[in-house]
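Trainee: A predicted structure for the sequence below; I have some questions about it.
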Amino acid sequence: MFADYSTTELMSIFAMQGFAGLSLFSVFVLMAMGLAIIFGQMGVINMAHGEFMILGAYTTYLTANLFENYLPGLFAGYFFVAMLLAFLFSAALGAFVEWAMVRHLYRRPLDTLLATWGLSLIMQQAYRSIFGAREVGVELPQWMMGAFQVTDLVQIPINGLFVMIIALSIALAVYLLMFRSGWGRKVRAVVQNRPMAEAVGINTAGVDRATFALGCGIAGVAGSAFTMIGSTGPSSGQAYIVDTFLVVVFGGAQSLIGTIVSAFTISQSQSTMEFFLSGSMAKVLTLLTVVIILMLRPEGLMALKVRR
Amino acid sequence: MKSQTYRTTSRPRRRLLAGLAALPALMALASPVFSAGPPTAEVNTTGLAVTDDTVQVGILHSITGTMAISEIGSVQAEKLAIKQINESGGVLGRQIEFVQEDGASDWPTFAEKTRKLLRQDNVAAIFGCWTSASRKAVLPVMEQFNGMLYYPTFYEGLEQSPNVIYTGQEATQQILAGIDWAVKEKGAKTFYLLGSDYIWPRTSNKIARKHIEKKGLKVVGEEYYPLGHTQFNSVINKIKLRKPDVIFASVVGGSNVAFYKQMKAAGVDFTKESPLLLTISVTEDEIRGIGGENVEGIYASMKYFQSLENPNNEEFVAAFKEAYGDDMVIGDVTQAAYLGPWLWKMAVEKAGSFDIDKIREASPGIEFKKAPEGYVRIHENHHLWSKTRIGRAQTNGQYEVVYETKELMEPDPFPEGYK
Amino acid sequence: MKNSSPVKWLVSREGLYYLALAVLLVLVLPALLDSFRLNMVGKYLTYAFVAVGLVMCWGKAGILSLGQGVFFGLGGYCMAMFLKLEASTPEATAQQSTPGIPDFMDWNQVTELPWFWEPFHSFSFTLLAVIAVPMILAFIIGVAMFKRRVGGVYFAIITQAIASILTILIIGQQGYTGGVNGITDLQTLLGWNIRTDEAKTTLYFVCVAMLFLCLFVARYVQNSKFGRILVAMRDQENRVRFSGYDVASFKVFIFCLAAAFAGIGGALFTLQVGFMSPSFVGIVPSIEMVVFCALGGRYSLLGGVYGALLVNAAKSGFSESFPELWPYAMGALFIGVVLAFPNGLAGLYQRYVMPLEDRLFKRGKSGDAGNDDAALSGSLGAEKSS
């Protein structure tokens, strides 16, 4: 298929294809980061993860409208406000859900799956009632559209770059929070040995709530970022759920680094396969490969040895 | 929403009327208003829900579930048409009442509700269905109990049921005109076919490929993505590599939004028309979700755009906005759904009867001169003769009509090679 | 719990519950409902097969599968392929460019019947395939996962991914599978028109009979020594393993059994509804099936049946009168079941109704089976929630 092209053309295509892989990677990291915290660290299967993302997306939509109508001068910068709000709203709802529902279910991880699935139904219908069944269009500030012209053929989409930066900053922030802060130490202590953590005086209930809220908040930011590249509708969140869980599980549920490695592996292989095969087949092959590898290596890529 | 209020009012009323019918016929003689139309026994020989002054029809779309997004416009258009028909005197002197059912985006539910509408409610016609899958599920029931379905969506063809009138375009009407236009007006030589992975895009692209290759032109790529797919960067690179003159797109649903946003972000400016994007799936409805700024400059090949300039359409758009609010947009399917009740009314009046068999016989040849799209006529094969237009998307979410076929396109649901 | 003679069993408490269900399904519902509603009940009952399988696999053995839709779908597709071939005689499809193959293949320019369709000309093969195909897939998945001790949440997520893969495959390979529309327009079974009211009523009774067959198989397994081991395995897997049992094989067996039940349910679904489509295979239907089971009571076989019936009836009823409210109700139901009564309806029944029964029995007033419409499995008492 490459016979008709010059070397420069091929090089540029490969460069752009590499970028496509990287931007899929950042999408996966964003999706999976929040879930890796909730599922990996707490063992809660949050089926409403996608809906928390969409909450962030709708927050962004509302903020955009607000700025357009009342602060048109600051429209260029609304996105940062929107992301902050998305984090706050999703985290607040997350904390509430933890209090009302999830904390009763820590001993029954499979039941969290059912309860959060119910929650996702309710949230979807609530979006439908409030925002209508149609997808909404989120308008972006001018500077976020378009692309950097690197060479004649190589164009780097600005919003793709932006998503990438957000993904990396969030990954970094989570890393610092979990591994370089006192709070993170507490979280890890609770994950690894709950009774012992309690015995040394850690408020495990508080840690749980904050962890869950953090995970949901990150989902909100992810949703906010995805308004740039995807659709915002009541059921858009459903599209992400399977991919997200696979990324987390494939990485080894309790390892945040594992999540990043697995996001990288899956995104690169999927985007490469998409380039050579048709889209549907690429998707099937990626999922199938992940499932087969998981069957051979159930603990995932990077397993954390924990005494249970 | 509205559905329940309508239904709860219509049902007791029916019972009331049934009660009234038990009163001596004297009443009817005393007040001639009651019998403005021909007597019921003459116009209804098969036990449909027709009384001396009402007739029941069914509306069957998804109000809940993933398809609700798309089907709501059709429900609104059908209700509007029914209201207008009632205001203009009804059908054979009878006011139309409707029973609305929710298909809930679930195909067996569609089949179930069809059974209910035909057997329990004995409706005289059903306006409904949107996806091919729901129509395929409903079809055997329609044929078994001999109902009449008015189906509004543009679809892949390969079907012709005596119990369905297809008010949207079948694939060839949309595609052949679109490709001819791109070749003739824009000098297109190479095409890239891209669609969501299901029957309509696949069939459409097969028809397109055949047509393109018959002209001696080239298809440089054909690609499908699962429904709901949101990452299109790889295919965008492939498109850049193959440099087609035209991207022929039939991506649907949420994927649409992702696709156009990512195309735009990847530096593809559609207004430069290189490549030119010709879609058969993005109506004004979809643009609302995608954002006008992301699709500016794409072309769509369809039979109707809200911006069509003719007195019928101006009237229709005004009435639609009055009924549902100024911020409403009307897409191709919404207009096609509006045709349904009118075409049924004309068939009933031509036949002088509500009987399904007589309507079927009467339908071919019926002309609707007040159609918002201008003029349509029912073909022998139950599809509509209609013109195909090319529209160019603008930032305000409307299409500007740039081309219109001179003649009505003949519907050809079984194109050569598919029989 | 084992009873020596069937007659004795039938007048035991558990026997009466089964009898009550039989009376409800065979006498009460057919008497009360017209054939249209009865057909709907028949459709709900096909989900009960999946629920019974899930009770065995999730409730008894602690394996939560989020991919039961896959097996339901496979069973359904096997049946649909047979019916479609029967409907696609060369005479009936004479207008096609290749007569004698299903219509959707012709539209996709498939000119020859694919090899894997060929055996479905035979009805006996189809009957075998309805059970065997889901079981073989379940066996492969089960061996691969359980031998490596993948369980719990991981298993649930992997089965979910498999459901997603199968859906994309079916939709993508539309020339061979009918794509997103599924296999439609099925008319006759061995020349017998399955669309008439009489046929639908007959199929309903076939469905009830098959359901009871599955229930008895499940009950037999549950009450055997094997069933005890399953429960032990669910609660303390390692102890069972250390006692010398091959835990993985037990899990594989029970997963295959659940898959077979789901496959039978799927085949009966196709017969009663008249088509099969990928929308019953994917993630959402699979999770809904788990909900039927959870609502009815995950530890109770009869609870699963009632769960499937009630949730679906509520779904139709609710969506007829308040389409917007249905998702809220369904969501609240999930959360409520999990939080407030994790043992489902069966748990509630056991807690509140059974003591009443006990008092009634003690006073010497004989419990009439007809009053036990809401009766649930009595085998529940032996178990506790995990």
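Mentor: Done, it's in. Residues are numbered from 1 along each chain as shown, chains lettered A, B, ... in the order given.

Trainee: what is the burial count for B:P226?
Mentor: 21 (other C-beta atoms under 10 Å in any protein chain shown). For every residue, glycine as well, the C-beta is placed using N, CA and C.

Trainee: err, C:S321, not the other one
Mentor: 14.

Trainee: what do you get for the one 5 residues further on?
Mentor: A count of nearby residues for C:W326, using other C-beta under 10 Å, gives 24.

Trainee: so it touches C:S316, yeah?
Mentor: No. Judged on C-beta atoms under 8 Å, C:W326 makes no contact with C:S316 at a distance of 9.7 Å.

Trainee: for the stretch 151-300 of chain C, what lies in contact range of chain B?
Mentor: Proximity of the stretch 151-300 of chain C to chain B (C-beta under 8 Å from any C-beta of the partner chain) is limited to residues C:168, C:171-172, C:174, C:179-182, C:184-187, C:195, C:273-275, C:277, C:279.

Trainee: helix or strand for B:I165, which one?
Mentor: According to DSSP states H and E, B:I165 maps onto strand B:164-166.

Trainee: which strands or helices does that strand pack on?
Mentor: helix B:132-144, strand B:149-151, helix B:332-351 (3 or more C-beta pairs under 8 Å, 6 or more residues apart in numbering or on different chains; DSSP states H and E).

Trainee: adding mean pLDDT and distance to chain A as columns, could you present the ones you listed in a markdown table?
Mentor: Formatted as a markdown table, the helices and strands packed on strand B:164-166 follow (pLDDT from 0 to 100; distance: least, C-beta to the nearest C-beta, whole Å):
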| stretch | mean pLDDT | distance to chain A |
| --- | --- | --- |
| helix B:132-144 | 90 | 16 |
| strand B:149-151 | 96 | 21 |
| helix B:332-351 | 94 | 12 |
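
Trainee: which among those is found nearest to chain C?
Mentor: helix B:132-144 (4.3 Å; C-beta to the nearest C-beta).

Trainee: are we agreed that B:A300 is in a strand?
Mentor: Yes. Assessed with DSSP: H, G, I helix; E, B strand; the rest coil, B:A300 lies in a strand.

Trainee: I'd say B:T114 and B:H61 touch.
Mentor: No. Using C-beta under 8 Å, B:T114 makes no contact with B:H61, being 12.0 Å away.

Trainee: what helix or strand does the residue nearest the centre of chain C sit in?
Mentor: Centroid-nearest residue in chain C, with C-alpha atoms, centre = their mean: C:V50, separated by 1.9 Å. Using DSSP H and E, C:V50 sits in helix C:35-54.

Trainee: could you list the alpha-carbon positions for that helix in CSV?
Mentor: The C-alpha trace of helix C:35-54 is given here as CSV (Å, rounded to 0.1, in the frame of the first residue of the first chain):
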residue,chain,number,x,y,z
SER,C,35,-52.9,-14.6,23.6
PHE,C,36,-51.1,-11.3,23.0
ARG,C,37,-50.2,-10.8,26.7
LEU,C,38,-49.5,-14.5,27.2
ASN,C,39,-47.0,-14.3,24.4
MET,C,40,-45.3,-11.5,26.2
VAL,C,41,-45.2,-13.5,29.4
GLY,C,42,-43.6,-16.3,27.3
LYS,C,43,-40.9,-13.9,26.2
TYR,C,44,-40.2,-12.9,29.8
LEU,C,45,-40.0,-16.6,30.7
THR,C,46,-37.1,-17.0,28.3
TYR,C,47,-35.1,-14.6,30.4
ALA,C,48,-36.0,-16.7,33.4
PHE,C,49,-33.8,-19.5,32.0
VAL,C,50,-30.9,-17.1,32.1
ALA,C,51,-31.8,-16.1,35.6
VAL,C,52,-32.0,-19.7,36.8
GLY,C,53,-28.5,-20.2,35.3
LEU,C,54,-27.3,-17.1,37.0
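
Trainee: show the average pLDDT along the next helix or strand after that helix.
Mentor: Next along the chain after helix C:35-54, taking DSSP H and E as the criterion, comes helix C:68-87. Mean pLDDT, computed over helix C:68-87, is 93.

Trainee: and stretch A:198-217, by the same measure?
Mentor: 90.

Trainee: what does stretch B:353-361 give?
Mentor: For stretch B:353-361, mean pLDDT rounds to 93.

Trainee: list of residues touching it?
Mentor: Identification of contacts with stretch B:353-361 by C-beta atoms under 8 Å, 6 or more residues apart in numbering or on different chains yields B:42-46, B:48, B:50, B:55, B:92, B:124-125, B:146-148, B:162-163, B:344, B:347-348, B:351-352.

Trainee: pLDDT wise, what is the residue nearest to the centre of chain C at?
Mentor: 94.

Trainee: same question, B:G391
Mentor: 94.

Trainee: how near is the spatially closest residue to it that is not a sequence neighbour to chain C?
Mentor: Nearest in space to B:G391, with sequence neighbours left out and distances taken as C-beta to C-beta, 6 or more residues apart in numbering or on different chains, is B:Y399 at 2.9 Å. Look at B:Y399 and chain C: by C-beta to the nearest C-beta, to the nearest Å, they are 28 Å apart.

Trainee: next up, the contacts around B:K272.
Mentor: B:K272 neighbours (C-beta under 8 Å, 6+ apart): B:G297.

Trainee: one step back: if we look at chain A, which of the residues of the stretch 151-300 of chain C next to chain B are close to it?
Mentor: Answer for these near chain A (C-beta under 8 Å from any C-beta): C:168, C:171-172.

Trainee: so where's the stretch 1-150 of chain A uncertain?
Mentor: Residue ranges of the stretch 1-150 of chain A with pLDDT under 70: A:1-5.

Trainee: how about the residues of it by chain B?
Mentor: A:5, A:9, A:13, A:16-17, A:19-20, A:23-24, A:27, A:125, A:128, A:133-139, A:145-147, A:149.

Trainee: which residue lies nearest the spatial centre of chain A?
Mentor: Centre-nearest of chain A using C-alpha atoms, centre = their mean is A:M31, 1.3 Å out.

Trainee: so that one is in contact with A:A225, correct?
Mentor: No. With contacts counted by C-beta under 8 Å, A:M31 stays clear of A:A225, the gap being 10.0 Å.

Trainee: quick one, what contacts the spatially closest residue to B:M142 that is not a sequence neighbour?
Mentor: Nearest residue to B:M142, sequence neighbours excluded (C-beta to C-beta, 6+ apart): B:N163, at 4.2 Å. By C-beta under 8 Å, 6+ apart, the contact set of B:N163 is B:139, B:142-143, B:146-149, B:356, B:360.

Trainee: one more time with 7 Å, if that's ok
Mentor: B:142-143, B:146-149 (C-beta atoms under 7 Å, 6 or more residues apart in numbering or on different chains).

Trainee: turn the buried ones among the residues you listed into a named ChimeraX selection, would you?
Mentor: To isolate the buried ones among those in ChimeraX, judged by 16 or more other C-beta atoms under 10 Å in any protein chain shown, type:
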select /B:142,143,147,148,149
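
Trainee: got the contacts of B:N163 as TSV, with distance to A:M281 columns?
Mentor: Formatted as TSV, the contacts of B:N163 follow (distance: C-beta to C-beta, whole Å):
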residue	distance to A:M281
B:M142	36
B:E143	36
B:N146	43
B:G147	40
B:M148	41
B:L149	35
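
Trainee: for the contacts of B:N163, which one is nearest A:N159?
Mentor: B:L149 (43.8 Å; C-beta to C-beta).

Trainee: quick one: low-confidence ranges for chain B?
Mentor: For chain B, the ranges with pLDDT under 70 are B:1-36, B:417-419.
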